[in-house]
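>>> Based on what follows, work out the 3D shape:
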Amino acid sequence: MESKEEILELLNKYANTYKEGKEESEQIIQFLYNHPQEEIFDRKNFTGHITTSAFIINEDADSLLLLKHKSLNRWLQPGGHVDATDLSLAMAALREACEETGLGSSNLKLLSNDIFDVDSHYIPENTRKQELSHVHHDIRFLFQCLSSKAINISLEESTGSQWISLSDLKDNEDFYWFPEKVKKWYCLQPAKEN
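Numbers count the residues shown, from 1 in each chain. Prediction:
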C-alpha cells in the first residue's frame, strides 16, 4: 500500500492535472496531514478514512456502470474500504469493483495508475454496523470493462446495476460532470504511435 507521502504525491499530481483538482483534493490532503499512517484507512476512525472507487466505462467508452447501493439506496460507482492486504489504492478499487460487480480482474482494465477523481462525502450513522457518521475521503480510478456480459452483482452490496450512456449522464445530478471529465482524461493521454 502507498504511504501517506505517496498518496500526497498522487493527490498533488491530480491537483496539477485538473483545474478543479486543487479544490477537490484539499479536504483529503488536510485529513492526511492531520492523521498518522495507521489511522488513514481505519474504518473505525470516525473523523474519516480513505476509501477507493472504480469508475467503469464500457468497451466503447460511451457508458458508465452504476450500482444501486443497498444501504444508501442511491446509484453509485463500485467502491469501498481499503483492506490491509491491498497492494495499492488502485488495486483496492479493482478488488472492490470485482467483489461488487462479479467481474473478474481480467475483465477490468485499469486505464491509469493516476487518480481520476476525488471526493470527500458524509456517510450517515449505521447502527446495524455500529458505525458513527463519518467522512469518506474517496480516491477514484478509471477502468474499462472488457466484457459487460459478465456482470453479476453482489446482492449483499447492491440491488441492481445499469449501464448509463455518457450522453444521458449530462442530466444526472450526481454524475453530470463525468462525461466531460472522461473527455478531458482522454485528451490528456499521450498519442499512441502507429
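>>> So which residue is dead centre in the chain?
residue 53 (1.9 Å; CA atoms, centre = their mean).
>>> got the contact list for residue 39?
45, 49 (CB atoms under 8 Å, 6 or more residues apart in numbering). Where C-beta positions appear, they are placed from N, C-alpha and C, glycine not excepted.
>>> Run me through the strand neighbours of the lengthiest strand in the chain, direction for each.
Ranked by residue count and defined by DSSP state E, the top strand of the chain is strand 134-145. Partner strands and pairing direction for strand 134-145 (DSSP bridges) are strand 49-57 (parallel), strand 108-110 (antiparallel), strand 117-123 (antiparallel).
>>> Return the residues in contact with residue 92.
52, 81, 82, 83, 86.
>>> Neighbour-wise, which one of those leads?
Highest neighbour count within the contacts of residue 92: residue 52, with 28 neighbours (other CB atoms under 10 Å).
>>> Could you point out which residue ranges in this structure have low pLDDT?
Within the chain, the segments meeting pLDDT under 70 span 191-194.
>>> ok, which stretches of it are strands?
Remark: strands assigned in the chain by DSSP E are 49-57, 63-69, 75-76, 79-81, 108-110, 117-123, 134-145, 158-165.
>>> still on that earlier bit, dump the contacts of residue 92 into JSON lines; add distance to residue 44 as well.
Below are the contacts of residue 92 laid out as JSON lines (distance: CB to CB, whole Å):
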{"residue": "52", "distance to residue 44": "18"}
{"residue": "81", "distance to residue 44": "11"}
{"residue": "82", "distance to residue 44": "13"}
{"residue": "83", "distance to residue 44": "14"}
{"residue": "86", "distance to residue 44": "17"}
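>>> Helices of the protein, start to end?
Using DSSP state H, the helices of the chain run over 4-17, 21-34, 89-101, 166-169, 178-188.
>>> Tell me how many other residues surround residue 32.
19.
>>> Let me know how buried the nearest residue to it once chain neighbours are set aside is, in neighbour terms.
Sequence neighbours aside, residue 4 is the residue nearest to residue 32 in space, at 5.4 Å (criterion: CB to CB, 6 or more residues apart in numbering). The tally of other residues near residue 4 (other CB under 10 Å) stands at 16.
>>> same thing with residue 120?
Neighbours of residue 120 under the rule other CB under 10 Å: 17.
>>> That one against residue 48, yeah?
Yes. Counting by CB atoms under 8 Å, residue 48 is a contact partner of residue 120 at 7.5 Å.
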